[in-house]
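J.: with the input below, show me the fold.
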Amino acid sequence: MSASAPVLQRPPSGARAALLRQLADGWHAYRQHVMGMVGLALVVLLLVVALFAPWIAPFDPNVQDLQQRLLPPSALYWFGTDHLGRDVFSRVVFGARTTVEIVLLVTIIVAPVGLVIGTTAGYAGGLVDEVLMRITDIFLAFPGLVLALGFAAALGPGLTNATIAIALTAWPPIARLARAETLSLRKADFIAAVRLQGATPSRIVLRHILPLCIPSVIVRVTLNMAGVILTAAGLGFLGLGAQPPLSEWGAMVSSGRQFMIDSPWVVAAPGLAIAAITLAFNLAGDALRDVLDPRGDR
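T.: Purely as a prediction, here's the structure:
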């Protein structure tokens, strides 16, 4: 007889209802934060602009027309044109796509790395904790932009290398936070019960401790995104980030700084975009910290 196919079990309806209720309660609590909603709206706007950039931008961001160089904002060129006659608004729109790409890639890299290192160090303790935390301290001893600048210079200019350089400097705060959470959970009664049932350390960390660290890490990652955007803009400004003709806000500020006295719109538009999105992530992160605080300290 052939073995019968396994039957997929749905989670109990009570568990689904509890999860939906928690999500609804969390969304209700988040909506009470007016500035958090403002930040969320700006983040959503960034994502929409990045996703639909080819349809939002009225011009090709890389097409040059020297006869139209340094034109002030008008009905045709909303943010004016730069020194090569390119539409600044179109370049800001496509710059949003570059920013979202950097943010997503850095998040995908640093969140798992920081979680694994932090929870492993916190649960193992002893020599493992000492080695991992001393490595973390070495990274934390340098300002993030300076360290990212060093990595980017070693790897070479380019968007991919800049993303790797930023990721190499962004994981230590997450590892520190995950370790602190793990230290508070390691001696909890439910962890002791799981250990007595014969669970291995890796299973305890991955199945029981790590999921409880995720809310705090989400808040930390959200707040870190402001620093990621500023670091990416700094690398772009110094010529180590996205390379021409790719649109990137920091590079736009760098290329237009010599014209900022007579044509301030060339640097004002990308500069305001950097400031707005940085503020948006900070506001959203502050609201998330209040909603997801596991200790209920509002």
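J.: tell me the pLDDT of the closest residue in space to Thr163 that isn't next to it in sequence.
T.: The shortest distance from Thr163 to any non-neighbouring residue, by Cβ to Cβ, 6 or more residues apart in numbering, is to Leu105 (4.9 Å). In short, each C-beta sits where N, CA and C put it, glycine included. Note for Leu105: predicted pLDDT of 93.
J.: look up how far Trp249 lies from Leu105.
T.: Going from Leu105 to Trp249 by Cβ to Cβ, to the nearest Å gives 16 Å.
J.: who has more neighbours out of these two?
T.: Shown here are Leu105 and Trp249; by other Cβ atoms under 10 Å, Trp249 has more neighbours (28 against 17).
J.: do you know how far that one is from Ile138?
T.: 30 Å.
J.: ok, Asp87 next?
T.: Asp87 sits at a distance of 45 Å from Ile138 (criterion: Cβ to Cβ).
J.: between these two, which one's more packed in?
T.: More neighbours surround Asp87 than the other of Asp87 and Ile138, with 24 against 11 (other Cβ under 10 Å).
J.: where in the stretch 151-298 of the chain is pLDDT low?
T.: Within the stretch 151-298 of the chain, the stretches with pLDDT under 70 are 293-298.
J.: at 80 what do you get?
T.: The stretch 151-298 of the chain contains residues with pLDDT under 80 at 189, 194, 198-202, 292-298.
J.: tally of neighbours for Gly36?
T.: Gly36: 21 surrounding residues under other Cβ under 10 Å.
J.: same deal with the one 4 residues further on?
T.: Leu40 has 19 neighbours, counted by other Cβ under 10 Å.
J.: from Val291, how far off is it?
T.: From Leu40 to Val291 the distance is 11 Å (Cβ to Cβ).
J.: and for Gly36?
T.: Relative to Val291, Gly36 is positioned 8 Å away (Cβ to Cβ).
J.: so which elements touch the host helix or strand of Phe281?
T.: Per DSSP states H and E, Phe281 falls inside helix 265-292. The contact analysis (3 or more Cβ pairs under 8 Å, 6 or more residues apart in numbering; DSSP states H and E) places helix 265-292 against helix 13-31, helix 34-51, helix 88-124, helix 210-237, helix 249-256.
J.: contacting residues for the closest residue in space to Arg257 that isn't next to it in sequence?
T.: Counting by Cβ to Cβ, 6+ apart, Val267 is the residue found nearest to Arg257 once chain neighbours are left out, at 5.9 Å. Counting by Cβ atoms under 8 Å, 6 or more residues apart in numbering, Val267 touches 252-253, 256-257, 259-260.
J.: ok, Val106 touching Val228?
T.: Yes. Look at Val106 against Val228 with Cβ atoms under 8 Å: they come within range, at 5.2 Å.
J.: what touches both of these two?
T.: By Cβ under 8 Å, 6+ apart, the residues touching both Val106 and Val228 are 166, 170.
J.: so how far is Leu105 from the most centrally placed residue in the chain?
T.: What sits nearest the mean C-alpha location of the chain, by Cα atoms, centre = their mean, is Met225, with 3.6 Å. Distance, Met225 to Leu105, using Cβ to Cβ: 12 Å.
J.: how about Ser247?
T.: Using Cβ to Cβ, Ser247 is found at 17 Å from Leu105.
J.: swap in Leu70?
T.: Leu70 sits at a distance of 34 Å from Leu105 (criterion: Cβ to Cβ).
J.: if we can go back for a sec, do I have it right that the residue nearest to Thr163 meets Ala167?
T.: Yes. The criterion here is Cβ under 8 Å, and Leu105 meets it with Ala167 at 7.4 Å.
J.: what pLDDT does Gln22 get?
T.: 69.
J.: next: Leu45.
T.: pLDDT recorded at Leu45 is 93.
J.: number of residues surrounding Arg134?
T.: 9.
J.: that one - that's part of a helix, no?
T.: Yes. Counting by DSSP: H, G, I helix; E, B strand; the rest coil, Arg134 is found in a helix.
J.: so Pro157: helix, strand or coil?
T.: Of the three states, Pro157 takes coil under three-state DSSP.
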